[in-house]
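Colleague: the sequence and its predicted three-dimensional model are supplied below.
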Amino acid sequence: MKRVALPETAAETLFGNRDENLRFLEDNLKVRIKNDGPNLVVEGNGEGEDVVVQLFDQLGAMMKEGYAASPGDVRVAVQLLSQDPSARLRDFLMKAAIRGAKKVVVPRSLNQRAYLEEIEKNDMVFGIGPAGTGKCLSREALVLTSNGMIEIGALVSGTRTGEAVSTSLVIHGLEGPETATHVYDGGESDTLRIRTRLGYTIETTPEHPLLVLDATGQIAWRRADQLRLGDVVTLQRDQHFFGDKVGLGWTAQRHPNDRSSRPVTLETLDDDFAYILGLIVGDGCLTARNRVIVSSADPEVVAAFHGLAARLGLHVFPNFARRHDYVIASSQLYSLLEHVGLSLGTARTKRIPRALLAAPEPMVAAFLSGLFDADGTVDRRDGTITFSTVSLTLARQVQTVLLNFGIVAARAIKRGRYLGRPHISQRLTITGAEAVRFDERIGFRLERKRSRRRTARANTNVDLIPFVAPSIRAAMRSATLSHSEHKLFSDYRWARRRPSHEKLGRLVALLYDRGAHVSTLEPLQDLLDHKLLFLEVEHIKHSRAHVFDLTVPGTHSFVANGFVNHNTYLAVAQAVSSLLAKSVARIVLARPAVEAGEKLGFLPGDLQDKVDPYLRPLYDSLYDLLDYDRVSRLLERNAIEVAPIAFMRGRTLNDAFVIIDEAQNTTTEQMKMVLTRIGFGSKVVITGDITQIDLPTGRTSGLVEAIAVLSGVKGISFVYFDEKDVVRHRLVAAVVKAYDAYGAANAPSK
């Protein structure tokens, strides 16, 4: 038994809401804690007692000196002191931040802090870390995979209930691409259909945990059957993870008795054809056999349809019975469109063609441009973008694909009348900052719609973060703000308004600049780091459905938040900070494009266009730390360069901060080439996970060999991350552990 003196003031802050931190200490350190006047009495195992005593002693001393502690400090301190009983919380909590232009980045473990210290001290640092976790999805969920967007139920066929099928499909987790190992057929099950604000839906089993944001501003797990109307659930967004299939290999063969039809040949998908497919899905139909019909009064749409015919050596005929109908009569083209996945049925059966779901990002963007040119509108008053369709499947798919681009669209039912009869359609609405992102990442091609967007006024943001007022007030108490700066926080500190992600990022950056303690900013920064969309539950309905699990090595869990800060992100943050401080003249970010292999030659565009999709995680880190326009300017003047490792051959990199990501997939030759390119005044950080090597069988990883060859060389530092550095929300470890135990007990026989 040990006693520890409580801080004279604000001890309740450390206890947490309803003493939840004391319960956390008891559960995790296997101790009992009792309040005895000005002291705490701690009983339990010796190590646990020591951690509690150290925690309150160190935090109490810091609070006496004016440190504004937060409840989150207790959980961070437990992790630090459990790893290293001699850890100085003062050094970690008060001196560990990296300042970017948009946000503050805080390391979340001793290893992460040591990593940054080694980068400061050494010119060459290797950061070697563990793999992330995967996620479990239900049948209706659209999974982002290396083969494109696929319904999880379509990943297997002919399976029996309880059967697990092996797979090597690469899926997108929160930390990027990961390889799944099994798809599990759960058979028919009771489910809950959950619909949120903005019309996003998910169908899941009642016991399935979903990530929520509670009324205290904390991220927590909650079973689907424990959700109530008004609860705030989270969705992933802005993954930019698309397929890479462009080959069609289509050469139609004429029937021997067919002397009239012209053969149609199209080897690969391209932007122009993807755009035309969007126009046809929006304004066309294939309901008449061997007839491709587009109905439009827009000259630009009609011209594009004529362009398709000319490209394929076909002809367009007007339909005199319907004024604005234009027809291409071709069994060859009709079969081609059927081959790529266009619906042959009525408007209610329309969907995104299979070939587009498997296509690279630029072609998906071109398809959406065509679709919105056909069925999208721009409001004359404020530039709001809407898209209407009678197909529920198409509306849901478009909403999900837009989310992959980082664009939030609200989906709702539009009721009206058509030809004197009641008419129901689905309508997607894109406003404010989301519409600006649509302009930047997809855009209209029709001039009249583009012109309306150019004159558009700002609109209300839909991507808002609730329940942050208490955290904002806590952070403000430790900052020195002017009267005018206080006004910037007025509406948000008292919850009169909810900040957008961009607004909250700027408020956090200002608080950091004005001396707010890093620990008080941590809850706000966590919400920004997760890149989640927060939406209130509006409807819950009981149902039944065929359900599936998708698993990755080491977990059977549904995990919606992985690393808060991983080693590559920390390195990029340090590089940006160095560039802003003018410690280096430029940043060079590189990674191997091993996923592309020989397929690069078949992709459209110049070499940079071909490799950019494989470098997307590095771009995402930059855009998270700097404004989009600023990144663009720095890229234009080569102050930031993002490139595959092959681009570095024959160069010498002076006065640069160089980061090599995914280094486990470099070859020995590539690693040696990179390390010998470093010039005067430069730093190089090499990050990778030696358990996730994707090189062909028989090839040695350059990272593995570098560890063996360079360990012990003066001036080169190696930092090894382990599972303790996979810093998740406090409940995630418990959820993962529970699912691991459940999966082990209920794993299907193989």
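Modeller: Noted; the coordinates are in hand.

Colleague: by residue count, which strand of the chain is the longest?
Modeller: strand 532-551 (DSSP state E).

Colleague: which residues of the stretch 201-350 of the chain score low on pLDDT?
Modeller: Low-confidence segments of the stretch 201-350 of the chain, defined by pLDDT under 70: 207-209, 219-221, 252-261.

Colleague: same check on the stretch 651-750 of the chain?
Modeller: 691-692, 697, 722-750.

Colleague: before we move on, the earlier item: which other helices and strands does the longest strand of the chain contact?
Modeller: strand 182-196, strand 201-204, strand 232-236 (3 or more CB pairs under 8 Å, 6 or more residues apart in numbering; DSSP states H and E). Glycine gets a C-beta too; all of them are placed from N, C-alpha and C.

Colleague: is it possible to get a markdown table of those strands that adds mean neighbour count and distance to D19?
Modeller: Shown next, in a markdown table, are the helices and strands packed on strand 532-551 (neighbours: other CB atoms under 10 Å; distance: least, CB to CB, whole Å):
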| stretch | mean neighbour count | distance to D19 |
| --- | --- | --- |
| strand 182-196 | 18 | 32 |
| strand 201-204 | 19 | 32 |
| strand 232-236 | 20 | 24 |
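
Colleague: those strands into TSV, with extra columns for distance to L446?
Modeller: TSV is the format used below for these (distance: least, CB to CB, whole Å):
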stretch	distance to L446
strand 182-196	32
strand 201-204	31
strand 232-236	30
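
Colleague: circling back: report the buried residues of the longest strand of the chain.
Modeller: L532, L533, F534, L535, V537, A545, V547, F548, D549, L550, T551 (16 or more other CB atoms under 10 Å).

Colleague: ok so, going back, to I293, which of the helices and strands packed on strand 532-551 lies closest?
Modeller: strand 201-204 (32.0 Å; CB to CB).

Colleague: and the closest one, how far from the chain's centre?
Modeller: Between the centre of strand 201-204 and the centre of its chain there are 19 Å (CA atoms, centre = their mean, to the nearest Å).

Colleague: the next helix or strand after it packs against which elements?
Modeller: Beyond strand 201-204 on the C-terminal side, the first helix or strand identified by DSSP states H and E is strand 209-213. Contact analysis of strand 209-213 by 3+ CB pairs under 8 Å, 6+ apart lists strand 219-223, strand 232-236 as its packing neighbours.

Colleague: so can I have a markdown table of the ones you listed showing distance to S621?
Modeller: Converted to a markdown table, the helices and strands packed on strand 209-213 look like this (distance: least, CB to CB, whole Å):
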| stretch | distance to S621 |
| --- | --- |
| strand 219-223 | 21 |
| strand 232-236 | 17 |
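
Colleague: of all these, which one comes closest to L510?
Modeller: strand 219-223 (23.3 Å).

Colleague: on that earlier part again, just the closest of the buried residues of strand 532-551 to K582, please.
Modeller: When the buried residues of strand 532-551 are compared for distance to K582 (CB to CB), L532 wins out at 34.1 Å.

Colleague: can you give me every residue that contacts the spatially most central residue of the chain?
Modeller: Nearest to the geometric centre of the chain sits Q239, at 3.7 Å (CA atoms, centre = their mean). By CB atoms under 8 Å, 6 or more residues apart in numbering, the contact list for Q239 reads L144, H172, N404.

Colleague: follow-up on the earlier one: nearest to T159, of the helices and strands packed on strand 532-551?
Modeller: strand 182-196 (4.1 Å).

Colleague: next, the angle from the closest one to strand 209-213.
Modeller: 40 degrees (axes from the mean of the first three to the mean of the last three CA atoms, to 10 degrees).

Colleague: what angle separates strand 182-196 from strand 232-236?
Modeller: 130 degrees.

Colleague: centre of the chain versus strand 182-196, how much separation?
Modeller: 23 Å.

Colleague: likewise stretch 660-669?
Modeller: That offset, for stretch 660-669, works out to 24 Å (CA atoms, centre = their mean).

Colleague: list the buried ones in it?
Modeller: I660, D661, E662, A663, Q664, N665, T666, T667, T668.

Colleague: show me what contacts V364?
Modeller: Taking CB under 8 Å, 6+ apart as the contact definition, V364 lies against F242, A274, L356, V401.

Colleague: mind putting those residues into TSV with secondary structure and neighbour count?
Modeller: Putting the contacts of V364 into TSV (DSSP: H, G, I helix; E, B strand; the rest coil; neighbours: other CB atoms under 10 Å) gives the following:
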residue	secondary structure	neighbour count
F242	coil	28
A274	helix	25
L356	helix	29
V401	helix	24
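
Colleague: tell me the one of these nearest I678?
Modeller: Relative to I678, and with distances defined as CB to CB, the nearest of the contacts of V364 is F242, at 33.5 Å.

Colleague: count of residues packed around the spatially closest residue to the closest one that is not a sequence neighbour?
Modeller: Once flanking residues are discounted, F242 sits nearest to E361: 4.4 Å by CB to CB, 6 or more residues apart in numbering. E361 has 18 neighbours, counted by other CB atoms under 10 Å.

Colleague: quick one: E361 and A590, what's the gap?
Modeller: The spacing between E361 and A590, counted by CB to CB, to the nearest Å, is 20 Å.

Colleague: now I352
Modeller: Remark: distance between I352 and A590 (CB to CB) = 34 Å.

Colleague: go on, G243?
Modeller: On the measure of CB to CB, G243 and A590 end up 24 Å apart.

Colleague: which one of those two is surrounded by more residues?
Modeller: The neighbour comparison of G243 against A590 (other CB under 10 Å) goes to A590, with 26 against 22.

Colleague: so the more buried one sits in a strand?
Modeller: Yes: judged by DSSP: H, G, I helix; E, B strand; the rest coil, A590 forms part of a strand.

Colleague: what is the burial count for the residue nearest to it when sequence neighbours are not counted?
Modeller: Counting by CB to CB, 6+ apart, A590 lies nearest to I645, which is 4.9 Å off, once chain neighbours are set aside. Residues near I645, counting by other CB under 10 Å, number 24.

Colleague: pretty sure I645 is touching L589, no?
Modeller: No: in this structure, I645 is not within contact of L589 by CB atoms under 8 Å, at 10.5 Å.
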